[in-house]
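Trainee: pasting a predicted model and its sequence here:
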Number of protein chains: 2
Amino acid sequence: MSFKTDIEIAREAKKKPIQEIGEKLGIPTEHLLPYGHDKAKVSQEFIESIKNNRKGKLILVTAINPTPAGEGKTTTTVGLADGMNRIGKKAAICIREASLGPCFGMKGGAAGGGYAQVVPMEEMNLHFTGDFHAITSAHNLLSAMIDNHIYWGNELGIDERRVTWKRVLDMNDRALRDTVTSLGGVANGFPRQTGFDITVASEVMAILCLSNNLEDLQERLGNIIVAYTRKREPIYCRDIKADGAMTVLLKDAMQPNLVQTLENNPAFVHGGPFANIAHGCNSVIATNTALRLADYVVTEAGFGADLGAEKFMNIKCRKANLSPDVVVIVATVRAMKMNGGVARKDLGPENVQAVIDGCPNLGRHIGNMKSFGVPVVVAINHFVTDTDAEIQAVQEYVASQGSEAILSRHWELGGEGAEHLAERVVEIADSGISQFAPLYVDDLPLFEKIERIAHSIYRASEVIADKKVRDQLRAWEEAGYGHLPICMAKTQYSFSTDPNLRGAPTGHTIPIREVRLSAGAGFIVVVCGDIMTMPGLPSRPAAEGIGLNDDGEVEGLF
Amino acid sequence: MSFKTDIEIAREAKKKPIQEIGEKLGIPTEHLLPYGHDKAKVSQEFIESIKNNRKGKLILVTAINPTPAGEGKTTTTVGLADGMNRIGKKAAICIREASLGPCFGMKGGAAGGGYAQVVPMEEMNLHFTGDFHAITSAHNLLSAMIDNHIYWGNELGIDERRVTWKRVLDMNDRALRDTVTSLGGVANGFPRQTGFDITVASEVMAILCLSNNLEDLQERLGNIIVAYTRKREPIYCRDIKADGAMTVLLKDAMQPNLVQTLENNPAFVHGGPFANIAHGCNSVIATNTALRLADYVVTEAGFGADLGAEKFMNIKCRKANLSPDVVVIVATVRAMKMNGGVARKDLGPENVQAVIDGCPNLGRHIGNMKSFGVPVVVAINHFVTDTDAEIQAVQEYVASQGSEAILSRHWELGGEGAEHLAERVVEIADSGISQFAPLYVDDLPLFEKIERIAHSIYRASEVIADKKVRDQLRAWEEAGYGHLPICMAKTQYSFSTDPNLRGAPTGHTIPIREVRLSAGAGFIVVVCGDIMTMPGLPSRPAAEGIGLNDDGEVEGLF
């Protein structure tokens, strides 16, 4: 039995002109701004015109804690939507854009896999429609204007040691993590130590993804805290007068991108904030646009459900007034085995006991998602090596948790393989049984919000933080930021802060290393562990093998 | 009498769908890759398919040394092509793309002015089709890979003190001119002093603009010298294995952009290298594509004729095997007056004597252009304050130089105002009297090439350079770079190296400060004076006033 690679399958895609994909959703051609023949942006005007349309059902695809075995969250998102379209439903996908930088380190990612993919794959891994470049420009304009303000007299009294706004590039470049700028004498300004993050870690990215429209965008950009005075008074982006120009730079990027699945169903691919120091979901504007145009919108959140879905619920849904109708948790037999203690190299042979041993990780996520008041379906993303007994073990376990696990073969068969999953998800979504509520209310004290997440979602026994962290949280409460939600930044591999602690641990401790205020995006980042915001390249970067072949096709990117 | 601003006129443009503009040149819709409804790229495949088409006539628009009065070189380029189309000729324009960074310092530039403009003006001043972002990414990928190579063991033996490849951003940011990177400890690499240039100063930009196709592009990228070993052996981009991935990043950017004039005539806007440390012309691929599709192609070169046209002839035409049929030198009565010693505030009243006194600057350029074997027409770009006597003075002077000066009123009237100019230019182009040859042959020694330019074009009496510079030139000759043309980097305001020396000076000295090898682009940069490759922002940057108005239009950018 031989399989085609994702890129081979993607290259064989019979793409339709993007105008035809738009037509399926009722988007008139003049409101689709094409980028080539297979990508387009939906015009701001059109989005404004549909704001009173009835909203479709929202389905969130999330997963167990990621393992090296791979779970296939995006693959399932795509397969599920294709399956829904196959059974006659009007469904669209909303997923994140890929970051350029990491593609030159490890190989670039497909959007989905097998016969459940979004195309054009190459463009989506390269410049796509330029959104991330626009974010880089907007972010760095603000950086330049801050140093320029200091250079020309520093009227605002910025403490050069307390400029918190760095610069960004969409590149894996460890040399830029920690830099000194403005060397070379008087004409170049005041030397200071600063650095660069990767673009997806920019607060501008998080803001773009949480803004409802351009007005909201500019308001949030203006709220960014860029520095402090010697008296520790915050200096905002709007004090620097950069918010208007940044909005101009971002006006096209704010329009969601439309592409298609291999089965020619509409997919919105828009925004891509980090899932640790930010909330890790596609843009609010894309989700809302899709909901006004399709009857069912399938979207996903970053990492596993403990981080990604928690933030989707507590940050994105809260801010955008969204309410998910169903949560689909993706699991694989292989990942269950790894949670059950099997090494990656031993995943081949049948091992029902390991599957059973690994299931509590899945069970914890099921319970957590239900605690938001949303019904849960488990999708078992089928691998050809899975045995019937192993699959049955997962299904029995999930049934014991009061939910159901459905085998889905979209990777191998496309939407056809996900029809059964699609039917059940539609049935549950239509039933209206979801009673969504976020985990905590806005006016709970910040530290208690953190404890709520740690206890309810991670099942930790305690949250520890030194006086400095607690004082900082109280200071922000006094400054009027106490209503903000929490954005947890911790390892995605475990419910705990120890990446090696698989399964469903309890009684652990969550140590807070640091807290950061994203006043523009509107959340408090709680850092529990090492968080890398500027990756490096490996010793043999993928870039070395990337090039055009004789047919002008990109090789080595995947 | 009241005039509309450029932006008001541009907003009233009755743009046609870009497909209709492409049709005028016979570009099939499937080979036009749209970016929105009014911009498109011409596909690589289509360009390949027309490579044996008959070539049209090439008209170079250049100017006297720029003065604060403004000459209107792009305005004349646009007006002339619109005029040609009005008299029934199939004419296209080729101009450069605008850089984003400077738009946030001083106000952004229109492409042309009055009723002789290229649209869409806003997009052309913002992200346009993303070409410059792609160049930024490709440049910085190479930078990251160099530091990454050193980090992982430095097999090539790069001397960290002799890394010549910096980083770039399309931003005016003086704080980045001179930096130290890789601070923060072992995990971030080896600290070293380096810096950032603005993207248009990148050698990648010059390479993109001089490459004939993607193969040529990758070859030239591979030739970039990025560093030296302790033994002063050069390290090339291809040693770092970045050339393939850079080509992938640039593959879309290599496709020329098509937009339109206010009169719906085709305009290629592609590439934008600096006119000092690079050659300052739009891309070879755009010019060659236009020549295969139109009967007349009107293009322009940066700065005045002594720098821009000289490089157009000696670098671009040489490398791309182009041969201009006519040169149009743009002059204005006001600029003649300034060359004649009148201050900017006194330009209003009639002053025939000052016009006469200023004409020798124009005369020098006429003679210089003729020395390339190309017939010259002077276009007097009409201002409403010009008097008949002043215009007549210019015309009489130009006649005395064996050429002719034609009044052109395209700013006020569009193509209609340039019909007479268009008729004469077509007549001369069609006559076939051009006998173009570059100023020097490839195998002249490098220093003699510099002297040839200094004597023939600048009318300097001598070129001075210290031993280090002369030794360096000899070393490059020995290393096989002696055949390269010279790229002069000096002030654009004078034939001399003193920006205040207007008119037509003779007997001055050209001091060489520094020479640089652009081995990928394929020229030797000769630096005579201060050349700024990373601009700063002014004390009140234009960005502070930029924003969206209530109609969603961009304000403050122009």
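Mentor: Here it is on my side, so go on.
Trainee: how's chain A carved up into domains?
Mentor: A:42-129+A:253-431, A:131-250, A:446-528 (automatic domain parsing).
Trainee: compare these and give me the one nearest chain B.
Mentor: The minimum distance between chain B and the domains of chain A falls on domain A:131-250, with 2.9 Å, by CB to the nearest CB. (Each C-beta comes from the backbone N, C-alpha and C, glycine too.)
Trainee: I'd like the domains of chain A laid out as JSON lines, including mean neighbour count, distance to chain B and mean pLDDT.
Mentor: Output for the domains of chain A, formatted as JSON lines (neighbours: other CB atoms under 10 Å in any protein chain shown; distance: least, CB to the nearest CB, whole Å; pLDDT from 0 to 100):
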{"stretch": "domain A:42-129+A:253-431", "mean neighbour count": "23", "distance to chain B": "6", "mean pLDDT": "95"}
{"stretch": "domain A:131-250", "mean neighbour count": "22", "distance to chain B": "3", "mean pLDDT": "98"}
{"stretch": "domain A:446-528", "mean neighbour count": "19", "distance to chain B": "16", "mean pLDDT": "96"}
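Trainee: can you say which of the ones you listed is nearest to B:F274?
Mentor: Proximity of the domains of chain A to B:F274 was assessed by CB to CB; the nearest stretch is domain A:131-250, lying at 19.1 Å.
Trainee: end to end, how far does the closest one reach?
Mentor: 8 Å (CA to CA, to the nearest Å).
Trainee: just stretch A:533-545 next, same as before
Mentor: End to end - CA to CA - stretch A:533-545 spans 25 Å.
Trainee: now that stretch: buried residues?
Mentor: Within stretch A:533-545, the residues that count as buried by 16 or more other CB atoms under 10 Å in any protein chain shown are A:T533, A:M534, A:P535, A:G536, A:L537, A:P541, A:A542, A:A543, A:E544.
Trainee: the residue in the stretch 401-550 of chain A that chain B sits nearest to pairs with what?
Mentor: Ranked by CB to the nearest CB, the top residue of the stretch 401-550 of chain A for proximity to chain B is A:G547, at 2.8 Å. Here A:G547 shows beta-bridge partners A:E555, assigned using DSSP bridges.
Trainee: returning to what we had before: near chain B, which of the buried residues of stretch A:533-545 show up?
Mentor: A:G536, A:L537, A:P541, A:A543, A:E544 (CB under 8 Å from any CB of the partner chain).
Trainee: contacting residues for the closest residue to the first one other than its chain neighbours?
Mentor: Same thing as A:G536. Closest residue to A:G536 apart from its sequence neighbours, by CB to CB, 6 or more residues apart in numbering or on different chains: A:R174 at 3.5 Å. A:R174 is in contact with A:M534, A:P535, A:G536, A:L537, B:D147, B:N148, B:Y151, B:S182, B:A187, B:N188, B:G189, counting by CB atoms under 8 Å, 6 or more residues apart in numbering or on different chains.
Trainee: please apply the same query to A:E478.
Mentor: No contacts exist for A:E478 under CB under 8 Å, 6+ apart.
Trainee: off-centre distance for the longest helix belonging to chain A?
Mentor: In chain A, with assignment by DSSP state H, the single longest helix is helix A:131-151. The chain centre lies 24 Å from the centre of helix A:131-151; the measure is CA atoms, centre = their mean, to the nearest Å.
Trainee: packing partners of that helix?
Mentor: Secondary-structure packing of helix A:131-151 (3 or more CB pairs under 8 Å, 6 or more residues apart in numbering or on different chains; DSSP states H and E): strand A:158-163, strand A:167-169, helix A:203-210, strand A:225-229, helix A:237-240, helix A:243-250, helix B:131-151.
Trainee: at 6 Å what do you get?
Mentor: strand A:167-169, helix A:203-210, helix A:237-240, helix A:243-250 (3 or more CB pairs under 6 Å, 6 or more residues apart in numbering or on different chains; DSSP states H and E).
Trainee: export those to a markdown table and tack on distance to B:N339?
Mentor: Shown next, in a markdown table, are the helices and strands packed on helix A:131-151 (distance: least, CB to CB, whole Å):
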| stretch | distance to B:N339 |
| --- | --- |
| strand A:167-169 | 43 |
| helix A:203-210 | 47 |
| helix A:237-240 | 41 |
| helix A:243-250 | 37 |
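Trainee: what's the closest of those to B:A245?
Mentor: Closest among the helices and strands packed on helix A:131-151, using CB to CB: strand A:167-169, at 15.5 Å.
Trainee: narrow the buried residues of stretch A:533-545 to those in helices?
Mentor: Short answer: those have none in helices (DSSP H).
Trainee: for those, please prepare TSV with the additional fields pLDDT and distance to A:N368.
Mentor: TSV is the format used below for the buried residues of stretch A:533-545 (pLDDT from 0 to 100; distance: CB to CB, whole Å):
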residue	pLDDT	distance to A:N368
A:T533	95	27
A:M534	96	31
A:P535	96	29
A:G536	96	33
A:L537	97	36
A:P541	96	38
A:A542	95	35
A:A543	96	39
A:E544	96	42
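Trainee: which two in these are spaced the farthest apart?
Mentor: Most distant of the buried residues of stretch A:533-545, by CB to CB, are A:T533 and A:E544, 24.7 Å apart.
Trainee: can you give me the helices in the stretch 351-500 of chain A?
Mentor: A:352-370, A:388-400, A:410-413, A:419-431, A:446-456, A:467-476 (DSSP state H, counting those that start in this stretch).
Trainee: how about the strands in the stretch 1-150 of chain A?
Mentor: Remark: strands assigned in the stretch 1-150 of chain A by DSSP state E, counting those that start in this stretch are A:32-34, A:40-42, A:57-63, A:91-95, A:112-113, A:116-119.
Trainee: can you tell which of the ones you listed is closest to B:R459?
Mentor: strand A:32-34 (52.3 Å).
Trainee: contact partners of the closest one?
Mentor: A:G22, A:A40, A:K41, B:P34, B:G36 (CB atoms under 6 Å, 6 or more residues apart in numbering or on different chains).
Trainee: then stretch A:427-446?
Mentor: A:57, A:313-314, A:318, A:323-326, A:372-375, A:449, A:452, A:473, A:482-483.
Trainee: quick revisit: now the angle between strand A:158-163 and the longest helix of chain A, please.
Mentor: Taking axes from the mean of the first three to the mean of the last three CA atoms, to 10 degrees, one finds helix A:131-151 and strand A:158-163 inclined to each other by 140 degrees.
Trainee: so who does the residue most central in space within chain A touch?
Mentor: Most central in chain A under CA atoms, centre = their mean is A:G280, positioned 2.7 Å from the mean C-alpha point. Contact analysis of A:G280 by CB under 6 Å, 6+ apart lists A:P273, A:G302, A:G308.
Trainee: kindly recompute the last result at 8 Å.
Mentor: A:G280 touches A:R96, A:P273, A:F274, A:A301, A:G302, A:F303, A:L307, A:G308, A:K311, A:F312, counting by CB under 8 Å, 6+ apart.
Trainee: if we ignore the residues flanking it in sequence, what's nearest A:G72?
Mentor: Per CB to CB, 6+ apart, closest to A:G72 is A:N381, 4.1 Å.
Trainee: A:T76 is in contact with that neighbour, correct?
Mentor: Yes - with contact defined as CB atoms under 8 Å, A:N381 reaches A:T76; the gap is 5.4 Å.
Trainee: now for these two: what residues contact both?
Mentor: What both A:N381 and A:T76 touch, as defined by CB under 8 Å, 6+ apart, is the set A:V330, A:S408, A:H410.
Trainee: surely the last one and A:D82 touch.
Mentor: Think A:H410. Yes - in this structure, A:H410 is within contact of A:D82 by CB under 8 Å, at 6.8 Å.
Trainee: now A:A331. Its backbone dihedrals?
Mentor: In terms of degrees, to the nearest 10, the main-chain angles of A:A331 are phi -140, psi 160.
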